[in-house]
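Peer 1: Sequence first, predicted coordinates after that:
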Amino acid sequence: MREFKRQDRLKDQIKREVAKILTYTIKAPKLGFVTITDVELSRDLKFAKVFYSAMGTSIEKAESGRTLERTRGVIQAELGKRLQIRQVPILSFHVDKSLDYGEKIDALLDEIKKENEPDDDSQDS
C-alpha cells in the first residue's frame, strides 16, 4: 500500500481549507458560487495553483475570478492560521477548464448518438 507523500496531504488540506475560507470567511457578494476543484503544489511547497469552477454567466464567472485575486492575500493569511506549516504557499487562482471540456465531450457524444438512432418514420412499413 502506497503511503501518501507530504505534498499530497498538504494539497488536500489546502483544497479543503480554501473551500471553507471561501464559504465562511470571505464576505464578497461578487464572488458568486465558486467550487475549488483541485490544487497543484510545487515540489518545494512554495507555490500552490488553486483551480476553481464558477457558476453563472461569463461575466459573473469573470467577476468571481477578479474577486478571488483581490482577496488572495486574505485567503492566504487565513490559510496560514489554519495550516500547521512553517511557510504558507503563495496562492494563484486558475479556472478549471476540465469541466467545460467534459461538457463539450458529452454534447458531442449526444450528437453522435442522435445521428445513429433510426428515424421513427422509416419503421412504419
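Peer 2: Yep, that arrived. Numbers count the residues shown, from 1 in each chain.

Peer 1: so who does residue 22 touch?
Peer 2: Contacts were defined as Cβ atoms under 8 Å, 6 or more residues apart in numbering; by that measure residue 22 touches 31, 34, 36, 75. C-beta here means a position set from N, CA and C on the backbone, and glycine is covered the same way.

Peer 1: Phi and psi next, for the third one.
Peer 2: Read that as residue 36. With angles defined as degrees, to the nearest 10, residue 36 shows backbone torsions of phi -80, psi 120.

Peer 1: and if you look at residue 34?
Peer 2: Per degrees, to the nearest 10, the backbone of residue 34 is at phi -120, psi 140.

Peer 1: Show me what the most centrally placed residue in the chain is bridged to.
Peer 2: Per Cα atoms, centre = their mean, the C-alpha nearest to the average position across the chain is that of residue 52, at 2.2 Å. Beta bridges link residue 52 to residue 36, residue 95 when assigned by DSSP bridges.

Peer 1: measure it to residue 39 for me?
Peer 2: In this structure, residue 52 and residue 39 are separated by 10 Å, where distance is defined by Cβ to Cβ, to the nearest Å.

Peer 1: With residue 7 instead?
Peer 2: Computed with Cβ to Cβ, the distance linking residue 7 and residue 39 is 10 Å.

Peer 1: who's more crowded, the two?
Peer 2: Here residue 7 and residue 39 are set side by side on neighbour count (other Cβ atoms under 10 Å), and the busier one is residue 39, at 21 against 14.
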